[in-house]
Structure formats: structure tokens, C-alpha cells
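J.: Sequence first, then the predicted structure, then my questions.
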Amino acid sequence: MPDNEPLPAVKPLPPGDHYADIQRELDVMIGLDNVKSLVYEIYAMLQVAHMRSEAGLNSGAHVYHMIFKGNPGTGKTTIARIVAKLLQKMGVLSKGHLIEVERADLVGEYIGHTAQKTRDLVRKASGGVLFVDEAYSLARGGEKDFGKEAIDTLVKAMEDMRTQFVLILAGYPAEIDHFLLTNPGLPSRFPIQIDFPDYTVDQLIQIAELMAKERDYTLLPQSLFKLRQHLMQEKQMSLFSFSNARYVRNMIEKSIRHQAVRLLTQYSNSVPGKHELMSIRPEDLKVDVPVNGSGRKDGILGS
Ligand SMILES: Nc1ncnc2c1ncn2[C@@H]1O[C@H](COP(=O)(O)OP(=O)(O)O)[C@@H](O)[C@H]1O
Ligand SMILES: [Mg+2]
């Protein structure tokens, strides 16, 4: 087509701002700037592909399988849900739901069982996203392990049902890297890779404030101070097992229970005022002085 020939007019997309909802959901999340811009890139690409196809241009058959690399509690599942919704809004997926699975859901007990279990889950995810958490654990047992059969079944489904579901593999960065290295056929099947960095202490504090606010609670300034001290310590002690925003969520939920018990004790003959009902005091945030960082599970705080 000569350069000066006008392109056919681009028809508008169906009514509705496809990104507004997604934007709103992303906006409330603290940090994650790189993740947010990647989600926007995916949207932009789909929007332009739509315009290109309206203009009679090759809009390409894209592959949207993804790898999410990040430590626990860094927002992988939350973002996967948002991405599933985006892909549905943009017409890539018919339903946009998310089925979250891990090794135990995919791997069976006898030969053939794994392929069947895996295929059933792929079918359940049809029209949406199949999110495989700790995906590297499928490669754990080597060639003879049934995990291998699950991987092979997933790869086959990616080909046979190419447009029917999106596969997202998630896990710890180092382990996902190792997994991809030892399965050389895999990386090229996942054109979109997103890194989920650990949150800084400042971000964890903002997340705590957000989570408290969503539940109609307030962390008093002294409570925020205590939380900050604790998070700094905890982040340092459990370098590889610290579960980021999930740890914070567990702490908030636990402090809400402690606050309830404190209020009932304190106000045995009266009713606490609104301010008291909302306030998380430092004594509600019960934290252990850690003896040693190893072997402690997230969210298990002394009380
Ligand atoms: N950036 C963020 N801002 C606010 N809340 C967050 C953020 N990241 C994670 N969370 C919250 O932390 C919890 C754990 O997040 P999740 O997406 O399950 O992490 P992952 O799948 O990486 O383990 C959820 O309650 C989620 O809503
Ligand atoms: Mg998760």
C-alpha cells in the first residue's frame, strides 16, 4: 500500500472505557510501578491490535502466557486476577476467571492420573486464566516424577487450546529461573515475564494503613512506629521466607482480634466510643522478640 493512501477509518471499540476499572484496581495497590506499566502495555497492545484489525492491518495472533516472579505476598495472585479481567474486557478471554492451582492439584498418584487431573483443571480454566503457583515444584522430582507429566500436559494444552486459556506460572524468582533453565523449551512459550519486587518497609507500612482503613480501623501513630520497628527486624531476619504484604495482612487481622479482646475487657460495663472501636493501639500489635529467624512461619506471632 502506498504511503500516502489514507487508511480506512478506525471504528471505535464497543462502548465503555476498557481500562478505567482496571486502572482503579491498580491505583489502590501500593508500589508495583513496573507491574502497573506492564499491565498498561498489555492493554495498549490489545487496544491497538483492535484498531489495526479494524483498519485491515495484520493484528497478529498473540500469545499471552506469562511468568510472574516474586517472593510470597508480593501481589502475584492479586495482579493475575486483574490481568484475567483485563484480558476478558479486551476480548482475549471469554470469561476472565482465575483458577489457582499448585503441584498437589495437578499431580496424581498413578500413571495417567496426572494428565487427567491437569486436563480437568485446564478445562475448568477455559475462558480464563490457569494460575500455577510455585510452578518450579513440578520439576522437582526429575524425569520419573509425575510433575513432568503435568508440565507436558500443560505444554500440550497451550498448543491445543491456544486461544482458550492463558497460563500464568508463578514462583520465587530464583526457582522460576532455574525451572526455565532446566526446561529449555519453555521460556519462548511465555513472552510476558513480570518481576514482583519485595516491598520496602515504607511500602509495607502503607499497605498496613490501607488494609486497616479498608476494614474501618486506624493504626495510631505509636502503633505505626511499633509496626515499623518490627517489620524492619522481621524483613532482615527472614530474608527468604518473609511474606511481604501477606505478613502484614496477617498482622493486621491478628491485631484486630487482640483489639476486640482488649475492648471487651476494658469496657465490661460500658460501650467503647467510635474512636476506640477504630483504634489499633500498640498493645494490640503483639510481636515476639524473635529468638532466631529460622523455622518461623509467616504470620505466627507471639501473643
Ligand atoms: N501492592 C499492594 N498493595 C496493597 N495490598 C497488597 C499489595 N500487594 C499485595 N497485597 C495484599 O497482600 C496479600 C497477598 O497478596 P497476593 O497477591 O496473594 O501475593 P502473592 O500471590 O504474591 O503471594 C493480599 O491480601 C493482597 O491484597
Ligand atoms: Mg499467590
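T.: All right, it came through fine. It should be emphasised that the depicted structure is a prediction, and the values quoted were computed from it without experimental measurement. Numbers count the residues shown, from 1 in each chain. Ligands and ions are numbered 1, 2, ... in the order given.
J.: what's Leu277 in contact with, if anything?
T.: Leu277 sits next to Leu263 when contact means C-beta atoms under 8 Å, 6 or more residues apart in numbering. Every residue, glycine included, has its C-beta placed from N, CA and C.
J.: Report the separation between Val28 and Ile207.
T.: 10 Å (C-beta to C-beta, to the nearest Å).
J.: next one: His258
T.: 19 Å.
J.: out of these two, which sits in the busier spot?
T.: For the pair His258 and Ile207, the greater number of neighbours falls to Ile207 (23 against 16), based on other C-beta atoms under 10 Å.
J.: Please name the residues that touch that one.
T.: Ile207 neighbours (C-beta under 8 Å, 6+ apart): 30, 199, 245, 248.
J.: which residues are contacting stretch 80-93?
T.: Under the contact criterion C-beta under 8 Å, 6+ apart, stretch 80-93 has outside partners 18-19, 21-22, 25-26, 39, 42-43, 46-47, 50, 64, 66, 68, 94-98, 100, 127-129, 131, 165-166, 168, 170.
J.: One more pass at 7 Å, please.
T.: 18, 22, 25-26, 39, 42-43, 46, 64, 68, 95-98, 127-129, 131, 166, 168 (C-beta atoms under 7 Å, 6 or more residues apart in numbering).
J.: Now the buried members of the residues you listed.
T.: 18, 22, 25-26, 39, 42-43, 46, 64, 68, 96-98, 128-129, 131, 166, 168 (16 or more other C-beta atoms under 10 Å).
J.: if we can go back for a sec, which of the contacts of Ile207 are close to ligand 1?
T.: Restricting the contacts of Ile207 to those touching ligand 1 (C-beta under 6 Å from any ligand atom) yields 30, 245.
J.: Dump the contacts of Ile207 into JSON lines; add pLDDT and secondary structure as well.
T.: Converted to JSON lines, those look like this (pLDDT from 0 to 100; DSSP: H, G, I helix; E, B strand; the rest coil):
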{"residue": "Ile30", "pLDDT": "98", "secondary structure": "coil"}
{"residue": "Tyr199", "pLDDT": "97", "secondary structure": "coil"}
{"residue": "Ala245", "pLDDT": "97", "secondary structure": "helix"}
{"residue": "Val248", "pLDDT": "97", "secondary structure": "helix"}
